[in-house]
Structures are given as structure tokens and as C-alpha cells.
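Peer 1: Structural data only, the sequence is not supplied:
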């Protein structure tokens, strides 16, 4: 009985450690031309307001990061810009 509980606890601990990492990887937007295009199109379609301003700033930061060779930072900024397009 204790071995079964211990085994279940180990499986649960591994699941809780792995699932958020996988979800974060899947929701991230990579730094590429098509992703820039999709994000910029989504931002252009937004109504004027704070969310659009934030998204535009994130796109500018992503472009700056890409030009400086910081691909991970570029992807992070594009992800934030895309998230701002869905914010209300």
C-alpha cells in the first residue's frame, strides 16, 4: 500500500514538473518572419487603447532584439505582443 502511494506521489511530482514547461514551450511565439507578420496583423486589427500600445511596444522591442541577435528575447517580446492582442 505504501509503495503504491509513494509511486503515485512520484508520478504526480513528475507531471507537475513537466507539464508547465511543455505548456510554456507550446505557447511561445518564435522569432521568425511569419510570426512577425501574424503578430503585426493582429495588432493592426486591434482597437486603439492601452493593449494596442503595449503590443506595439513589444513588437518594437522584438525587432530590436532580433537586430541585436537576441533571438530568445525576440521570441519573448513577440509572445507578449500576441498575448496583448487577446487582452481586454
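Peer 2: Yep, that arrived. From a predicted model like this one, the values you see are computed outputs, not experimental measurements.

Peer 1: any weak-confidence spans in the chain?
Peer 2: Applying pLDDT under 70 to the chain flags residues 1-28, 88.

Peer 1: which stretches of it form helices?
Peer 2: For the chain, the helices defined by DSSP state H occupy 2-27, 33-44, 50-67, 71-86.

Peer 1: who's in contact with the last one?
Peer 2: The set of residues that contact helix 71-86 without belonging to it, under Cβ atoms under 8 Å, 6 or more residues apart in numbering, is 27-31, 35-36, 38-39, 42-43, 45-46, 51-52, 54-56, 58-59, 61-63, 65-66. C-beta here means a position set from N, CA and C on the backbone, and glycine is covered the same way.

Peer 1: now do 10 Å
Peer 2: 24, 27-32, 35-36, 38-46, 50-68, 70 (Cβ atoms under 10 Å, 6 or more residues apart in numbering).

Peer 1: what do you get for the second one?
Peer 2: The contact list for helix 33-44 (Cβ under 10 Å, 6+ apart) reads 28-29, 32, 51-56, 58-59, 62-63, 66, 74-75, 77-82, 84-86.

Peer 1: are any of the residues you listed buried, and which?
Peer 2: Among the contacts of helix 33-44, those buried by neighbour count (16 or more other Cβ atoms under 10 Å) are 29, 51-52, 54-56, 58-59, 62-63, 66, 74-75, 77-82, 84-85.

Peer 1: For residue 56, give me its contacts.
Peer 2: Residue 56 touches 40, 43-44, 46, 81, 84, counting by Cβ under 10 Å, 6+ apart.
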